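Engineer: using only what follows, build the 3D model:
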Amino acid sequence: MKKNNKYPIIAKEGWLFLTISVSANMVISFFSFEASIPFWIISLFILQFFRDPNRPIPQDENLIVSAADGRVISIEKTIDPYKKRKAIKISVFMNVFNVHSNKAPIGGEIINKWYSAGKFLNASLSKASLENERCALLIKTKNKKLVTCVQIAGLIARRILCYKKIGDNLSKGERYGFIRFGSRVDLYLPESATVIVRLGEKVKNCQSIIAKI
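Structural biologist: Here you go, the predicted model:
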């Protein structure tokens, strides 16, 4: 295993929020430290929300890792709505206390990308996969296998960030996006994939093994 050192331990998406929060708290603390305590707690929440720890990445090219921190809420055979093929769908739900940085589940080239505006239903609901705001990437591995990775907004999440485009190459575990304040990620895997993760299991992005293709 190796670690990815290409990103800061506090995600860049949180720098502005953290700077504003800490600056305001310092002003409030100048007048009354007691009054500032609730606001310092908010700052600590922001700090933990935007953390992005460096983790070991399994290097076997046939292993698919989790694209998100959270809990596995669905493992099912279904139709990939983007590629229109039979697939195994694995969904990971992120609450507000999970790391919200998204990492590539497998290495390969992005051959398609879809963005869909939508609702902000509770991301743990199955219909959120098709009704909520979402951004999907279709990744083709060097062995010609296809994996669809979908970022889905949730009840509180209001911003999906995806920094990659069609034609870009991803390395397994590479940081490619972020979802603010609670959401989920769906993976659509080839039917032949061997699922390793279990329903209800807690997983970590780029470290936990989801399946093998």
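Engineer: how is this structure divided into domains?
Structural biologist: According to the domain assignment given by automatic domain parsing, the chain is divided into the following structural domains: 12-49, 59-212.
Engineer: report back the residue of the protein that's furthest from centre.
Structural biologist: When distances are taken from the C-alpha mean of the chain, residue 31 lies farthest, 39.8 Å away, according to CA atoms, centre = their mean.
Engineer: quick one, phi/psi of the closest residue to residue 35 other than its chain neighbours?
Structural biologist: For residue 35, the nearest residue in space outside its immediate sequence neighbours is residue 28; the separation is 5.9 Å by CB to CB, 6 or more residues apart in numbering. To be clear about C-beta, it is placed using only N, CA and C from the backbone, and glycine gets the same treatment. Comment: the main-chain dihedrals of residue 28 come out as phi -60, psi -40, following degrees, to the nearest 10.
Engineer: residue 35 now?
Structural biologist: The phi and psi values for residue 35, taken as degrees, to the nearest 10, are phi -70, psi -20.
Engineer: where in this structure is the helix or strand with the lowest mean pLDDT?
Structural biologist: strand 2-3 (a mean of 55; mean pLDDT, DSSP states H and E).
Engineer: neighbours of residue 30, how many?
Structural biologist: Counted by other CB atoms under 10 Å, the residues lying close to residue 30 total 9.
Engineer: same deal with residue 164?
Structural biologist: 18.
Engineer: contacts only, for it.
Structural biologist: The neighbours of residue 164, taking CB atoms under 8 Å, 6 or more residues apart in numbering as the test, are 110, 113, 137, 170, 176, 177.
Engineer: got the contact list for the fourth one?
Structural biologist: Read it as residue 170. 104, 106, 107, 108, 109, 110, 139, 164, 176.
Engineer: the fourth one against residue 140, yeah?
Structural biologist: Yes - proximity of residue 108 to residue 140 meets the contact threshold set by CB atoms under 8 Å, at 5.1 Å.
Engineer: of the two, who's got more company?
Structural biologist: For residue 108 versus residue 140, the count of surrounding residues by other CB under 10 Å is larger for residue 108: 23 against 15.
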